[in-house]
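1. Fold the following, please.
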Amino acid sequence: MSPYDDAAIDRAFEATTPPQRRSHRWYFLIGLSLAALFIPALRGDDLGLPRGSVIIVPSIIAFSIMSIVAAITRRRRRRRAEIVTAWDAVQLEDWQAAESALLPNLATPIHSPIDRCQAFIALAALAEQRRNYDAAIRIYQQLLIDRIGDPVQLQHAQISMTTAKIRNEELTDGLQMLDRLERFEMPQALKAFVAWTRLYQRVFMGQFEDAVAGLAEARALFRRFLSTKAGYAYALIATAMHHLARHDVAARYWLDATTLVSSQRLIQEYPLLAPVAGTYPAAEHPL
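-> So this is what the prediction gives:
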């Protein structure tokens, strides 16, 4: 069964839901019980038990509790490391490695809301890479409905859902969401992703003049915050310039794009780039 169908996504959200926090009353009672054993021993009262057992038994209980806590802590750290590994693989577009690291971690509770959100954003990215935009949208919606993650992560989920809707040709919803996002206060890094989404929307819809409006500001955002992924934005700019018959500028942006991302990967991500790839030379050694 695919991990990207509706039932599998619902199971993953259910499986990763952390259990309700136990009342601190239980920890208080455990501490009180240990004290009830230790204190009489310190006073010289053996409670009618062998002298050694009055010290050894509570010590064993205390050591066992500390060992359990340490094991839980190690397990959570290992889980977090695996989620970070999956996230890094998504950023590097190593989809197989991302899937291998991520999927086993969606079968048991993830206690940190930040880690849980990161895991599901990575899962949504994997779904988008498979062109399964419906699954990605479902994941983003669930994150937003349940408010899983910190505010920056939730804004990231909103932006990603908007992009997925536009690529899924849900244009009415996508455009409305994009208009709202552009009015929100958000970190500059997220503004770069909103600008990238707007650029794609305009190129996709043939609004080439609008796509290159305010180009200097947009390029500065892309260069500063998108790292090598700026190559995708440059390729979209090259496409807009190509359709505007500004061929010298288009060639320059295509060269910049293919310096960061191979032309094959660009076309795989955005098939609409194919005419540009067939017109302008690409960099020989992309990063």
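2. all contacts plus neighbour counts: C-alpha atoms, from now on.
-> Noted.
3. what helix or strand does residue 209 sit in?
-> Element membership for residue 209 (DSSP states H and E) is helix 208-211.
4. I'd like the next helix or strand past that helix.
-> Heading C-terminal from helix 208-211 (DSSP H and E), you reach helix 215-225.
5. Check which element follows that next one along the chain.
-> That would be, after helix 215-225 and using DSSP H and E, helix 230-243.
6. Now the first helix or strand past that following helix going along the chain: buried residues?
-> Following helix 230-243 in sequence order, the next helix or strand is helix 247-260 (DSSP H and E). Neighbour counts over helix 247-260 (16 or more other CA atoms under 10 Å) mark 247, 250-260 as buried.
7. One more: stretch 167-186?
-> Quick answer for stretch 167-186 (16+ other CA under 10 Å): 167-168, 171, 174-175, 177-178, 181.
8. and the two most separated of these?
-> Farthest-apart pair in the buried residues of stretch 167-186 is 168 and 181; separation 18.3 Å (CA to CA).
9. which residue is nearest the middle of this structure?
-> The chain has residue 121 as the residue nearest its centroid, 3.3 Å off, counting by CA atoms, centre = their mean.
10. which SS state does residue 169 fall under?
-> Recorded secondary structure, residue 169: coil (DSSP: H, G, I helix; E, B strand; the rest coil).
11. List the contacts of residue 283.
-> 255-256, 258-259 (CA atoms under 8 Å, 6 or more residues apart in numbering).
12. Residue 189 now?
-> 221, 225-226.
13. okay, it: pLDDT?
-> Here the pLDDT value assigned to residue 189 is 93.
14. again, but for residue 48
-> 57.
15. Same question for residue 184.
-> Looking at residue 184, the pLDDT reads 88.
16. Ok, the one 10 residues further on next?
-> On pLDDT, residue 194 comes in at 96.
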